[in-house]
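> need a 3D model of the sequence below.
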Amino acid sequence: MSEQEKLRPSDAATRHLIRRLVEEPDRWALFLDIDGTLIDLATTPDAIQVPLSLPGTLDAVSARLRGALALVTGRSLPYADGLFAPFRFPIAGLHGAEFRGADGETSIVTQTPAFTALKQRLVEQTAWMEGVLIEDKGAAVAAHYRLAPAYDTALETTMRHLADEAGPDWVLQPGKMVFEIRPARADKGDAVASYLEQPAFAGRLPIAIGDDLTDESMFALANARGGQSIRVGSLSTATCALSKASSPSAIRSALATIATAHEQRAASAS
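Residues are numbered from 1 along each chain as shown. Prediction:
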């Protein structure tokens, strides 16, 4: 039985994804969130596990699309690079505030002393919230409460006050069991739009795949450009995504099928 046949019938989105990228690779550009989309969520940010085959699978899918694949994530760009080493994909990190194009040109956000001090105050102000984890992303900071859901309201209040204190260059970004203060200058939709202006992506229709509120802006951009949008996982909130996939494993299976098809065609052509 093929990987495509193993997909659950409910995953029509992944079957369509396979067909589009196998049969029409020059028509589409693929934009992928990481946590909760390519990789299963974990109880803590550092507990995620990258399947050993995933980096190579992404590289093969990227080759199928002639380089029109980018990762669009809330993680920092250097952190995301480490997840998929030794491969270096176009990556928009910190929700688009950090950016590496298909040509390798990279823009990284430098944190200010004032923001460094703000992150320390966040650590101090949340010390009493047992189970709340603070993730230092450099030019952004996230407070995870997956292990402490009772602190939802108190944590949001603290994060909102600090975001206001940080000023107009920063914004509060809610997510799945997390609140984040990130640079306000870009979002994931802006990142996808920037990629679509680059030669490797130009003239293609975007396919955006994500699992969280932070991905809604790239879903909206993909829809507006005549592309496709896929929300992964259970839909506990409203979404503008046009279709859904059941889980990150369904996305990985679809990508593996596309990668295998590419490798088989490359072998037959050689």
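
> so for residue 4, what's the pLDDT?
For residue 4, the pLDDT comes out at 37.

> that should have said residue 236, apologies.
pLDDT, residue 236: 63.

> over to residue 152?
pLDDT, residue 152: 96.

> in a strand, it, correct?
No - counting by DSSP: H, G, I helix; E, B strand; the rest coil, residue 152 is not found in a strand; it is helix.

> and it, how far from residue 209?
27 Å (Cβ to Cβ, to the nearest Å). For every residue, glycine as well, the C-beta is placed using N, CA and C.

> of those two, who's got more company?
Each of residue 152 and residue 209 has its neighbours counted (other Cβ atoms under 10 Å); residue 209 has more, 30 against 12.

> list the residues that contact the more buried one.
By Cβ atoms under 8 Å, 6 or more residues apart in numbering, the residues touching residue 209 are 17, 30, 31, 32, 33, 37, 229, 230, 232, 245, 251.

> same check on residue 261?
By Cβ under 8 Å, 6+ apart, the contact list for residue 261 reads 18, 22, 64.

> same thing but at 6 Å, please
Each residue near residue 261 by Cβ atoms under 6 Å, 6 or more residues apart in numbering is listed here: residue 22.

> repeat that for residue 75.
Applying Cβ under 6 Å, 6+ apart, the residues near residue 75 are residue 93.

> my read: residue 239 touches residue 231, true?
Yes - counting by Cβ atoms under 6 Å, residue 239 does reach residue 231; the two are 4.8 Å apart.

> what is the nearest of the contacts of residue 209 to residue 218?
Lowest distance from residue 218 to these (Cβ to Cβ) belongs to residue 31, with 6.0 Å.

> quick check: the closest one is in a strand.
Yes - with three-state DSSP as the criterion, residue 31 is assigned to a strand.

> now the closest residue to it other than its chain neighbours: phi and psi?
Take residue 31 and drop its neighbours on the chain: the residue closest to it by Cβ to Cβ, 6 or more residues apart in numbering is residue 208, 4.7 Å away. Backbone torsions of residue 208, given as degrees, to the nearest 10, read phi -110, psi 130.

> what distance separates the opening and closing residues of stretch 206-223?
8 Å (Cα to Cα, to the nearest Å).

> what is the mean pLDDT for that stretch?
pLDDT averaged over stretch 206-223 gives 96.

> now residue 85: how far from residue 56?
11 Å.

> neighbour count winner among these two?
Neighbour totals were compared for residue 85 and residue 56, and residue 56 leads with 15 against 9 (other Cβ under 10 Å).

> helix, strand, or coil at the more buried one?
With three-state DSSP as the criterion, residue 56 reads helix.

> make residue 1 into 59 and carry on from there
Fine by me, first position is 59 from now on; the one you just mentioned is residue 114.

> show me where the stretch 109-258 of the chain has helices.
All helices of the stretch 109-258 of the chain, identified by DSSP state H, counting those that start in this stretch, fall at 112-122, 135-141, 171-183, 210-224, 246-253.
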